[in-house]
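*Asks:* Sequence first, then the predicted structure, then my questions.
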Amino acid sequence: MGLGIRRKLIGTLILVGLFPLAMSLIVILVGGAAMQLSRIRNSYEQVAAACSKDISTRLLDVELDRLEFVGTGPQVMDLLRARMSEAPPPLPPATIPSRSAGAADLDARWDSLKEMDSPLKEILANPVSQRLRDLTSNDLHPRRIFVTDAKGELVAADVKTDDFFQADEEWWQQAYNNGKGRLYVSSLVTEPDKTEMVEIAMPIYGVVDGKRTVIGIIKDKLASAWLLESLTTQAKLTGSQAQLIDLDMGKTIYASAGADVEMAERFFLAHQDYPRMAISKLLLNKIVLGSSPVEFNLKVMKRFPEVQVPRWVLVVSKPSQEAMTPVYRLALTVAAIGVALILVLFILGVAISNREIIMPILRLREATAAVGRGELNVRLLSADSSDATFRKDELGDLARDFDEMTRQLQKNVNQLARSNEAKRRFMELAGHELRTPVTYLLGVCQLAQKQIQQLSGAATDGAPEDAATVALAAKNAAATQAAMVKIAAKTQRLSRIIDNLLKLVNNDQFTTKLNKEPVDMRALLLQVTSDHRPFIQERKQQLTVEVAENLPSIEADRDKLEDALTNLVSNAIRFSPDGGTVRVAAHEVTGDMLEILVEDSGPGIPAQDLANLFEPFYTGSDILQHHSGTFEFGSKGIGLGLAIVRRFIELHGGIVRAHAIVREGKTAGTQFQILLPLAKEDGEVVGTAVVGSGT
């Protein structure tokens, strides 16, 4: 079973409408997710860049400036020069100083010394130490700051340090750099109290024996909490996880609370080209992150011959599932709205298609089926062309074409019905018309045979001189002659009927060609009227011919015009009573038309018959009453003569009409009007037939 139009239309809506909408929705959702991930990644990149810059600024721009300011101050420089003069560093200066006996003894007793014990008191109470305490007292974050001489021995500190001798420490050796000096920044180190610190060691230069050399080292230990404060703050603001990765160590040295350190660290170390990763791969990752290296200020570092700083990378991350939660929520909202919109559009599309396409097609199908059943009066549109089903579109045009087709079909069927009726009437008329003269001819012939037999017998039995026989023979001869005259008339009538039938058949199509030639209409009219004068005389009628002397000639087929005029004149004689009047007139009208009038003085044509008068086989309301009065008066034919007249006149571009003649309020005959176009001197037809009422 084939699919109905509704199923096909719904399938088309799904393929053409819903499927692209669904695909567009999927693309929008996937694209939105990718854009959201990209936006989050870019946001994390910006956060990481801002935090790394803040770390660099705090670590070098702020802290290093403080150390330089203190370390190059006059108090520190005087103290260190004094220490150099008391006990210069061992030679050569490129070697790392070893612990002296006094330094070893003091370092051994250092843990047991109190702040008021000597020599710790001298170290903590000198002006430089006081300056260092003033520096740290204004800070809100923990720090330790102290100064050693070129031998690694402590000379000033804000608080008691862990050791007196510092030259054996890694940071000191890195900063001393065999006497050349180096700016040293450590990675995060963990104190015994679990506090994470960053060490900054800066060499202090002085002139010894005319040479610039390291005369001391100042060290600052900063709490990482203050240094990484912006990182923690931004992590809270963005709802992300932040961590600091040391590339030299290959591990995370700091992480914000709740960070999945292992996954972010492993992913970053494996995908350090993450910012350039394609969106398609980004969608498949389990984590989204942004990273930025901590780039220390080159202008600050250029003040030192050598610099050693850690390679830190700041990573801001969040699991993709968690980062995409707003996207998923938005996607569900968009999907719900999209599905609702798709359903609304689908229902609306089905309703519109049902109203605008299916219903008109169903009505067309019903109307077509009705026409197939023979109901030719079916119409889809009302008379004022306003219909609730059909609108002014292609289906509306189809409905109008259908109505026009059914009207034309109904007209053609009616014409066929009329043709069938005409055929039936033709058979009836032909049978009646042909039977009457034939019957008469047979009767007359039989009578003539009897009379001839009687005449022949009398002539044989009687004497030739018998007067009675002669008289009888003469009488029979006269009767035979009269019968022969009637036979000739009836035969002529029968011949005329047959000729008309043949003419109608031969000229039924519009393919008839005219044999045109110049025709003198005055001569033609006089010839036709002259041919009919014997009939006029027999009926004792009066023939009036009014033909203008200067009547122009026309280009026409003489034989066809003669046939048409002969039909009209013979009809006028036939339908005028004995002693009546027949009038034939012709003159030029409007300069380009020739008017011919043929009038009779008969009873006239009923008004209901005028419309169909020129139709083939139409003979009027009563088709069986064909004879009344004397010879040929009122005799109706089979309805072919006037049909032939109209056909021949129309072939010449003219028209023919019939009008009732009314005198004193009564019908006094019928007038036939012919209008023919005239020709110019070069033979070109002038004008067309003018439709108007004749007089």
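*Replies:* Arrived safely, thanks for sending.
*Asks:* what about the spatially closest residue to Ala242 that is not a sequence neighbour, distance to Gln46?
*Replies:* Using CB to CB, 6 or more residues apart in numbering and skipping residues adjacent in sequence, the residue nearest Ala242 is Ala235, 3.9 Å away. Every C-beta, even on glycine, is put in place using the N, C-alpha and C of the backbone. Going from Ala235 to Gln46 by CB to CB, to the nearest Å gives 13 Å.
*Asks:* The two: which has the busier surroundings?
*Replies:* Counted by other CB atoms under 10 Å, Ala235 and Gln46 do not tie: Ala235 has more neighbours, with 24 against 15.
*Asks:* Spit out the contact partners of the residue nearest to Ala242.
*Replies:* Listed by CB atoms under 8 Å, 6 or more residues apart in numbering, the contact set of Ala235 reads 241-242, 256, 259, 316.
*Asks:* Of the residues you listed, which is the most crowded?
*Replies:* Going by other CB under 10 Å, Val316 tops the contacts of Ala235 with 31 neighbours.
*Asks:* coming back round to it: out of the contacts of Ala235, which one has the lowest pLDDT?
*Replies:* Of all the contacts of Ala235, Ala259 has the smallest pLDDT value, namely 67.
*Asks:* Domain-wise, how is the chain divided?
*Replies:* Here the domain parsing of the chain from automatic domain parsing is 1-323, 376-506, 512-677.
*Asks:* and these as a markdown table, adding distance to Arg355?
*Replies:* Shown next, in a markdown table, are the domains of the chain (distance: least, CB to CB, whole Å):
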| stretch | distance to Arg355 |
| --- | --- |
| domain 1-323 | 12 |
| domain 376-506 | 8 |
| domain 512-677 | 45 |
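*Asks:* Just tell me which of the ones you listed ends up closest to Glu356.
*Replies:* Among these, domain 376-506 comes nearest to Glu356, with 7.2 Å by CB to CB.
*Asks:* still on that earlier bit, what helix or strand does the residue nearest to Ala242 sit in?
*Replies:* Counting by DSSP states H and E, the element that carries Ala235 is helix 229-238.
*Asks:* residues contacting Ser24?
*Replies:* By CB under 8 Å, 6+ apart, Ser24 has no neighbours at all.
*Asks:* Then Leu132?
*Replies:* Per CB under 8 Å, 6+ apart, neighbours of Leu132: 70, 145-147, 156-158.
*Asks:* how does it look with 10 Å?
*Replies:* Taking CB atoms under 10 Å, 6 or more residues apart in numbering, we find Leu132 in contact with 70, 75-76, 124, 126, 143-147, 156-159, 218, 220.
*Asks:* Return a selection command, for use in PyMOL, containing the buried ones of those.
*Replies:* Buried subset of these, written as a PyMOL selection, criterion 16 or more other CB atoms under 10 Å:
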select buried, resi 70+75+76+124+126+143+144+145+146+147+156+157+158+218+220
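*Asks:* which residues are in contact with both of Ala235 and Gln46?
*Replies:* Val316.
*Asks:* Strands along the stretch 151-300 of the chain, start to end?
*Replies:* Along the stretch 151-300 of the chain, counting by DSSP state E, counting those that start in this stretch, strands occupy 154-157, 183-190, 196-208, 211-223, 241-246, 251-255, 287-293.
*Asks:* Dump the ones you listed into TSV; add distance to Leu398 as well.
*Replies:* Formatted as TSV, the strands of the stretch 151-300 of the chain follow (distance: least, CB to CB, whole Å):
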stretch	distance to Leu398
strand 154-157	105
strand 183-190	85
strand 196-208	86
strand 211-223	88
strand 241-246	69
strand 251-255	76
strand 287-293	60
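*Asks:* out of the ones you listed, which comes closest to Asp139?
*Replies:* It is, among those and with distance given as CB to CB, strand 211-223, at 9.2 Å.
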